[in-house]
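# Just need the structure, nothing else, for what follows:
(chains A and B)
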Amino acid sequence: MVTPIGEGDAIKFIQTLPGVSTGAEGSSAIFVRGGNLGNNIMSLDGVTLYGISHLMGMTSVISSDAVKSMKFQMGGMDADRESALSSVISLSTVNPSQEKMHIGGTINPFLCGLSINGPVSKNTSILVSGRYSPVGNEYKSVKSQLSSEKGLHDFDASVYDIYGKLHHEIRKGECIDVSAFRSMDEYDIVYGKDSDRYKMSWDNIMYLLKYTKRHSEKILTEIDCSYNKFHSWQNSYLKFNGSQNDLNLKSRLKENTSEGKIIYDGHRNHLIFGGKYKLAEFMPGVSSYDGDPDAQRYNCTTCTLWGQYEYDKPEKFYFKAGARMNFYTKQNYAEKESFREPEVNIMSEYHIADGLKLSATFDRTVQFYHVLEGMPLGWSVDLIVPSDQALPVETAYQGYIGMTGTCKNHILTAGFYYKTMDNLVFFPNAATIFSSTISGWEDNVEIGKGSSYGLESLYEYNGKKLSARISYTLSKTDRTFEALNHGKPFPAKFDRRHILNVHAQYYFTNNGNKKQGITSAFTFQSGHNESYKAFSYPSVTPDGEEFLIPYFSDQPNNLKMPDYIRFDIGYFRNWASTSGKIRYRLQAGIYNLLNRHNPFMLMFDDDSKQWQELSLIPIMPNISFRVEF
Amino acid sequence: MENRFIIFSTLVLFILSSCTRQADLDTGESSIVVNCILRFPSQTQELSLSYSVPNGQKESIPIDEADITLFDNTDNILAATFTSLGEGRWQAPISICPGHEYKLTVNVDENYRITATTTIPESKTMSYMPYGIQYPSWESNSSRGWVSSTTYNLSVFNTPVWMYIWNYDTINKTHVIADNITTTNPYVDGFNKTGVQLPLVKDWEKRAFNHLSILHHKYLRIAPREEINKAFSTYIAGDFSEPFYSALTSSELPTFENPITNYTGPNTIPDEEKGCVVLLSVSNEYDKYLKDIITRKQKEAGDDFTILYDNTPLYSNINGGVGIFCSVLTYYLPWDVPADLN
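Numbers count the residues shown, from 1 in each chain, chains lettered A, B, ... in the order given. Sure thing, here's the model as predicted:
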């Protein structure tokens, strides 16, 4: 598919699925069936990654060279997952090859990557994959063309990721894997007549030790220990009414996890059960006017026991039922709070006729981390905070029923979902997040509910040369907080009524290593919602001075942003050397062919005293070249 | 190599050529705006009626066709009907009664029905002592507590009072409000403090006000407290921008050997072309409204960027619309400001 940087990306694919709404222009944010951004978990070999995107959301943090498979679940979830309210994206990494060494490299204007995969000894193999973005250096070479008094003055970026995995076979059926991952995104933008400065950064560090033993053809055990750390920071240094303002928002999360599971793979019956222990340290949303903020620290432990049963009779009946029991404790200095929350996930498929299948799912999910909604206008960083008595554990119930019809190369799926969420957290007055006089964000949030329902449809055609996919979602997502809007429901921020994605690919040539074709994609999404003053009205002071004062609607998210529309086209070609040892891939395309200025964020211009839309990705050609040997 | 780098850079050019444009922030919401402050003493009452101003625009659209009535809930009679003067201004020929409750009803286009009520503050007779030399009293905060400025006794008021200072601009023939004001009253609301301290004057004989105090922006708000019922005198000083009078720099301070206590009720603006202290005895609605809008305006004019994200609702007692319906009794009090110092 066509992406802004010209490379395939798992998140970009997920964004085209029914039931999934995207964030602002070009971002990797996904909002699944009415949930918030933070209600989705992405895991890498079972370890949660919190900062999942590079280049302000244009691509994922993990290189596709390191990813073997991706599983996206938004209903009927597997029991051996992290707790998340809306969806789980499970990335499994490639096992390093024990046969021969492979080296691959990719180059495009935004990311250059190199991967090495192969044996280092008889029983040991490694995979190393890294990418680096030359965007900062490229800007410097064209700075004179870009700089303008009122526009961009300076830009710097430090973007990279590196993944390494060592695989060692202890003996047949018993192996150990050690992996490490690091990603960094750091941007520094100087903009406007007053040289306002915007800085944002997020980074991940992950270490994983996994031990796997196959006891028999049907029984497998896995034990792993991991450490991951996520840090995010957003800073605005800008002039307002002649004075400099320095606003910061920072968040950090560290987790140490140990997990063990036993897998039984029978002919039709499959059973998995296991347990996980996680110790997490939070340093959640903090801000200050001067320099680096100092935050409170919270320690949380989560102990989860889970089990799952599957029955599969292909082309007839499939059933899966999983249960999780979570024991969660939060500790802040001398205070300790404990919770017990169960989760249930059920999935069933029944073939009622040839080519016609009925499916249904039911989920009760919980989430022990809150991602605060109600961020100020123009600020997109979500803050992760732990649950406690004041901010109870988020819970959700979701049901889905649908039907899939298959006829030759055509597949049509249509279904209906309904979801309710509880204990969602919201900032009613966004300005309080910057206040240095408030002891904590806990004093300024509201607890409430959410609901979402909708119709999801997906049509796929897989021909010999032509393949197409059309997804359409019609949905409605609300939030209800007692203290807001007189307790009446109001639209969620990313309540996009209509979401249409059309994707088509045509092969001119599809013959082994030789492939050539074109792709195109069209997306239409109803605009998302922001909170803004409803209008202004005249007022008068005792001395007769007249001025306009703002009126704030009781209803948050009262401003509908423009619809999101984009059309992309692309060309790809795969070929190999005569010997077949070297393989090449070229991808070229035009992202946003219509040059529509979909807004990425809103910024306040002190000169004109107006809010302005910043559009990040105008019409953008892209090219990517990959070589592998 | 260099050429290839430039090609890649050119491709990056596209994304770094991100553009901005003015955001369309019109939410589509609107309302009727009613601003009506019932004044006493006054033979007429005024009201402004308009539509709200959509985001991105600056002017409101006045409403000149409506049915507007004022009902006296205390006497249970129709008190007045407002008539249109054009451009959204309305007027009713009525003198209101202190202590009474009034209900305002506005009907626009048969679609909008707006109501609001206010209770007029009680009329009080307050006392003040014009400039004179006084010997140290218990409330003086220094060994030489004598002052030569007017003092005001606020103990009679049981509703919040707002005060500001007017001087008279003889060139433009109009009164001008002091940008900053301060007082010795320790119960003044600090919501609009500027953080700037009134500078002391070293020449004892020339000072009018020599108590350490912080300046407030334009207004003083003093809410009723039991402590005020003690005979506590309130001094007021003002700080005007050039070329007007500064309380501390004028050398023309009249003094009297025998100061006299004067009394006054609500009155009308004095005819003399000189400065005065204006005291407003306000209804609860007006008090809340003034505090909210002045706080908001002060923040918007300040340098705190977070005001852009502050969506604290501002007070309004208009049912079915926005604005304010309230009442005020006005006291024009003399002040020791020379008439013309231009």
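
# Spatially nearest residue to A:Val67 (excluding sequence neighbours)?
Closest residue to A:Val67 apart from its sequence neighbours, by CB to CB, 6 or more residues apart in numbering or on different chains: A:Leu91 at 5.3 Å. For the C-beta atoms, the positions are set from N, CA and C on the backbone; glycine is no exception.

# what about the one you found, helix or strand, and which?
Taking DSSP states H and E as the definition, one finds A:Leu91 inside strand A:87-93.

# how about that strand: buried residues?
Neighbour-count burial for strand A:87-93, counted by 16 or more other CB atoms under 10 Å in any protein chain shown, picks out A:87-91, A:93.

# before we move on, what about stretch B:72-80?
Buried residues in stretch B:72-80, defined by neighbour count with 16+ other CB under 10 Å: B:72, B:79-80.

# Stretch A:60-68 too?
Here stretch A:60-68 shows A:60-67 as buried, counting by 16+ other CB under 10 Å.

# The stretch 51-200 of chain B: strands as residue ranges?
Assigned by DSSP state E, counting those that start in this stretch, the stretch 51-200 of chain B shows strands spanning B:67-72, B:77-81, B:83-86, B:89-92, B:101-108, B:112-119, B:126-129, B:151-153, B:161-169, B:174-177, B:180-183, B:193-197.

# B:Cys326 is nearest to which of those?
Ranking the strands of the stretch 51-200 of chain B by proximity to B:Cys326 (CB to CB) places strand B:112-119 first, at 5.0 Å.

# is that closest one up against chain A anywhere?
No. Using CB under 8 Å from any CB of the partner chain, strand B:112-119 never reaches chain A; the gap is at least 13.1 Å.

# if we can go back for a sec, in CSV: the buried residues of stretch A:60-68, plus distance to A:Tyr264 and secondary structure.
CSV is the format used below for the buried residues of stretch A:60-68 (distance: CB to CB, whole Å; DSSP: H, G, I helix; E, B strand; the rest coil):
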residue, distance to A:Tyr264, secondary structure
A:Ser60, 33, strand
A:Val61, 34, coil
A:Ile62, 30, coil
A:Ser63, 34, coil
A:Ser64, 32, coil
A:Asp65, 33, coil
A:Ala66, 29, coil
A:Val67, 27, strand
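
# Which helix or strand contains A:Asp478?
Following DSSP H and E, the helix or strand that holds A:Asp478 is strand A:466-481.

# in that strand, what's buried?
Going by neighbour count (16+ other CB under 10 Å), the buried part of strand A:466-481 is A:467-475, A:477-481.

# which of those residues lies closest to chain B?
Of all the buried residues of strand A:466-481, A:Phe481 has the smallest distance to chain B: 14.1 Å, by CB to the nearest CB.

# which ones are touching the closest residue to the closest one other than its chain neighbours?
Nearest non-adjacent residue to A:Phe481, counting by CB to CB, 6+ apart: A:Gly448, 3.3 Å away. The neighbours of A:Gly448, taking CB atoms under 8 Å, 6 or more residues apart in numbering or on different chains as the test, are A:424, A:426, A:479-482, A:484.

# Only alpha carbons, please: show the helix or strand harbouring A:Gly448 as PDB.
Under the criterion of DSSP H and E, A:Gly448 resides in strand A:446-462. The C-alpha coordinates for strand A:446-462 follow below in PDB (Å, rounded to 0.1, in the frame of the first residue of the first chain):
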ATOM      1  CA  GLU A 446     -13.700  13.800  35.700                       C
ATOM      2  CA  ILE A 447     -14.700  10.100  35.600                       C
ATOM      3  CA  GLY A 448     -17.300   9.000  33.100                       C
ATOM      4  CA  LYS A 449     -18.600   6.500  30.600                       C
ATOM      5  CA  GLY A 450     -18.500   6.000  26.900                       C
ATOM      6  CA  SER A 451     -20.500   4.100  24.400                       C
ATOM      7  CA  SER A 452     -20.100   3.200  20.700                       C
ATOM      8  CA  TYR A 453     -22.100   1.300  18.200                       C
ATOM      9  CA  GLY A 454     -21.800   0.900  14.500                       C
ATOM     10  CA  LEU A 455     -22.000  -1.000  11.300                       C
ATOM     11  CA  GLU A 456     -18.800  -2.400   9.800                       C
ATOM     12  CA  SER A 457     -18.500  -3.800   6.300                       C
ATOM     13  CA  LEU A 458     -15.600  -5.100   4.300                       C
ATOM     14  CA  TYR A 459     -15.500  -6.200   0.700                       C
ATOM     15  CA  GLU A 460     -12.500  -8.000  -0.700                       C
ATOM     16  CA  TYR A 461     -11.700  -9.200  -4.200                       C
ATOM     17  CA  ASN A 462      -8.600 -11.300  -4.800                       C
END
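
# still on that earlier bit, what's the spacing between the residue nearest to A:Val67 and chain B?
26 Å (CB to the nearest CB, to the nearest Å).

# For beta bridges, what are the partners of that residue?
Bridge pairing for A:Leu91 (DSSP bridges) gives the partners A:Leu44, A:Met70.

# Kindly report the same for A:Lys210.
Under the criterion DSSP bridges, A:Lys210 forms beta bridges with A:Asp177, A:Asp224.

# Give the burial count for it, as a bare number.
Burial of A:Lys210 is recorded as 20 neighbouring residues (other CB atoms under 10 Å in any protein chain shown).

# That one is in contact with A:Asp45, isn't it?
Yes. Counting by CB atoms under 8 Å, A:Lys210 touches A:Asp45, with 7.0 Å between them.

# Next, show the common contact partners of the two.
Shared contacts of A:Lys210 and A:Asp45, counting by CB under 8 Å, 6+ apart, come down to A:177, A:179, A:224.

# Tell me how far the last one lies from A:Gly274.
This means A:Asp224. Remark: distance between A:Asp224 and A:Gly274 (CB to CB, to the nearest Å) = 10 Å.

# and the residue of chain A nearest chain B?
Counting by CB to the nearest CB, chain A gets nearest chain B through A:Ser243, at 3.0 Å.

# That residue pairs with what?
With DSSP bridges as the criterion, A:Ser243 is bridged to A:Phe240.

# quick one on the thing from earlier: identify the contacts common to A:Asp224 and A:Gly274.
What both A:Asp224 and A:Gly274 touch, as defined by CB under 8 Å, 6+ apart, is the set A:259-260.

# count of residues packed around the nearest residue to A:Asp563 once chain neighbours are set aside?
Nearest non-adjacent residue to A:Asp563, counting by CB to CB, 6+ apart: A:Gly527, 5.0 Å away. Residue neighbour count, defined by other CB under 10 Å, stands at 17 for A:Gly527.

# and A:Gly527, what element?
According to DSSP H and E, A:Gly527 maps onto no helix or strand at all.

# Now do it, the pLDDT please.
Note on A:Gly527: pLDDT of 90.

# try B:Ser9
50.

# just B:Ser140 next, same as before
Note on B:Ser140: pLDDT of 44.

# now B:Gly132
Looking at B:Gly132, its pLDDT reads 46.

# just for the stretch 401-550 of chain A, where's the confidence low?
Regions of the stretch 401-550 of chain A meeting the criterion pLDDT under 70 cover residues A:429-442.

# Correction: the previous question concerned the stretch 151-300 of chain B.
For the stretch 151-300 of chain B (pLDDT under 70), the answer is B:197-213, B:225-260, B:271.

# all helices of it, in order?
B:284-301 (DSSP state H, counting those that start in this stretch).

# Tell me how far B:Gly302 lies from B:Thr159.
Taken as CB to CB, the span from B:Gly302 to B:Thr159 is 29 Å.

# which one of those two has more residues nearby?
Ranked by neighbour count (other CB under 10 Å), B:Gly302 and B:Thr159 place B:Thr159 first, with 17 against 13.

# Given the helix or strand just after the strand holding A:Leu91, what are its sheet partners and their directions?
Scanning forward in sequence from strand A:87-93 by DSSP H and E, the next helix or strand is strand A:102-107. Sheet pairing of strand A:102-107 (DSSP bridges) gives strand A:112-119 (antiparallel), strand A:620-628 (antiparallel).

# Alpha carbons only: can I get the longest one in PDB?
The C-alpha trace of strand A:620-628 is given here as PDB (Å, rounded to 0.1, in the frame of the first residue of the first chain):
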ATOM      1  CA  MET A 620       4.100  14.200  -1.500                       C
ATOM      2  CA  PRO A 621       6.000  12.000  -3.900                       C
ATOM      3  CA  ASN A 622       7.800   9.200  -2.200                       C
ATOM      4  CA  ILE A 623      10.300   6.600  -3.300                       C
ATOM      5  CA  SER A 624      11.900   3.700  -1.600                       C
ATOM      6  CA  PHE A 625      14.500   1.300  -2.800                       C
ATOM      7  CA  ARG A 626      15.400  -2.000  -1.100                       C
ATOM      8  CA  VAL A 627      18.100  -4.500  -1.900                       C
ATOM      9  CA  GLU A 628      18.500  -7.900  -0.200                       C
END
